[in-house]
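Novice: need coordinates for the following:
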Amino acid sequence: MSGIKHIVLFVILLTGGMVYGVHLFPARPAKTGKGIRISAGPVISFYTINKNHAKGLTPRPGGMFSYKKEIRFGHDYRTSFLFGFDYFIHSLSFQSYYFTQDTLQLYDKKFNYKYSLLLQEIGVPFNVKYSFNRENNSQFTQYFMIGYHLRYLMPADLKVTQNGSTVIIDNPQMKFKNHMISEQVNAYLSASFGWQKNNTASAKAGFFIEVNYRYGFSPYYFETKYSARSLFINSSHLSLQLGVKF
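Specialist: Predicted coordinates for the structure are as follows:
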């Protein structure tokens, strides 16, 4: 998907996310703080793989660390823009082919080799957040957030085994089937729902709990001399983030 289509989708979701909220908690003295949000938490990933070249896909738990700067705009103390940095690690295993050098690559659907793949991504999120009540005079706030995330794929950690014996350990460069700028760059769209305790006069730091769902535009893949071609992996991810805000 082209970068222009990415931007159009982001604008559509941004517009749809500006919904009218309701007051769910009584107003209490609070402060908005400096807008620094740091969080971390587990990630559950959902994958699909090209079944012509693999089977037995098993996802494994992942994790995410996030640092964001929040900037309020408008005078309603409900709407803000966030940007920052994400580090995302996740993994999976599947059965596939393994081709040795100078041998015929026979695609007979005998998937005798186990691939254990660990992926690492660096993300740059751009989020719009809407709180259901004013953050400057409420102790607690629920919020909804949508986002567009640029993502960069780092080299992966790969281990291939057969019947429990290690065949190869490698660090292939992961790529996107549909890419932007380079084969390692693409994007996510995300939607989040969260609950936060705001900063108060007596406590300069608050905290938040956030459920986030991310959907990637493009499948992953990697190319090596020993692996099958067109080994595309689609994914989406659900995370629970626990964090502090200053």
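
Novice: all contacts plus neighbour counts: C-alpha atoms, from now on.
Specialist: Will do.

Novice: helices along this protein, start to end?
Specialist: Taking DSSP state H, the helices of the chain run over residues 3-17.

Novice: what about the strands in it?
Specialist: Secondary structure of the chain (DSSP state E): strands at 36-49, 54-72, 79-96, 113-131, 140-153, 157-162, 165-170, 175-176, 185-197, 206-216, 220-221, 233-245.

Novice: which of those strands sits closest to residue 104?
Specialist: strand 79-96 (15.7 Å; CA to CA).

Novice: tally of neighbours for residue 128?
Specialist: 24 (other CA atoms under 10 Å).

Novice: make a markdown table from the strands of the chain and add distance to residue 104 and mean pLDDT to it.
Specialist: Output for the strands of the chain, formatted as a markdown table (distance: least, CA to CA, whole Å; pLDDT from 0 to 100):
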| stretch | distance to residue 104 | mean pLDDT |
| --- | --- | --- |
| strand 36-49 | 24 | 96 |
| strand 54-72 | 18 | 95 |
| strand 79-96 | 16 | 97 |
| strand 113-131 | 17 | 97 |
| strand 140-153 | 31 | 96 |
| strand 157-162 | 19 | 97 |
| strand 165-170 | 18 | 97 |
| strand 175-176 | 25 | 95 |
| strand 185-197 | 33 | 96 |
| strand 206-216 | 35 | 95 |
| strand 220-221 | 22 | 94 |
| strand 233-245 | 25 | 96 |
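
Novice: give me the most central residue, this structure.
Specialist: When the chain is reduced to its mean C-alpha position, the nearest residue by CA atoms, centre = their mean turns out to be residue 214, at 5.3 Å.

Novice: for that residue, which non-adjacent residue is spatially closest?
Specialist: Nearest-residue entry for residue 214: residue 190, 4.3 Å, with adjacent residues in sequence omitted and distances by CA to CA, 6 or more residues apart in numbering.

Novice: thought that neighbour was touching residue 217?
Specialist: No: applying CA atoms under 8 Å as the test, residue 190 and residue 217 come out as separate, 11.0 Å apart.

Novice: more neighbours, these two?
Specialist: Per other CA under 10 Å, whichever of residue 190 and residue 217 has more neighbours is residue 190, with 23 against 20.

Novice: give me the beta-bridge partners of that one?
Specialist: Beta-bridge partners for residue 190, by DSSP bridges, are residue 147, residue 214.

Novice: residue 141: neighbour count?
Specialist: Residue 141 - counted by other CA under 10 Å - has 23 other residues nearby.

Novice: now do the contacts for the residue lying closest to it once chain neighbours are set aside.
Specialist: Distance criterion CA to CA, 6+ apart; nearest residue to residue 141, sequence neighbours excluded, is residue 196 at 5.4 Å. Residue 196 makes contact with 140-142, 206-209 under the criterion CA atoms under 8 Å, 6 or more residues apart in numbering.

Novice: report the two of the residues you listed separated the most.
Specialist: The widest separation within these (CA to CA) is 13.3 Å, between 142 and 206.

Novice: when the two are compared, which one has more neighbours?
Specialist: residue 142 (23 against 20).

Novice: the more buried one contacts residue 133, correct?
Specialist: Yes: applying CA under 8 Å, one finds residue 142 in contact with residue 133, separated by 7.5 Å.

Novice: which of the residues in stretch 66-76 are buried?
Specialist: By 16 or more other CA atoms under 10 Å, the buried positions in stretch 66-76 come out as 66-70, 72.

Novice: check stretch 41-48 too.
Specialist: 41-45.

Novice: let me have these in a markdown table, extended by distance to residue 61.
Specialist: Formatted as a markdown table, the buried residues of stretch 41-48 follow (distance: CA to CA, whole Å):
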| residue | distance to residue 61 |
| --- | --- |
| 41 | 11 |
| 42 | 7 |
| 43 | 6 |
| 44 | 6 |
| 45 | 7 |
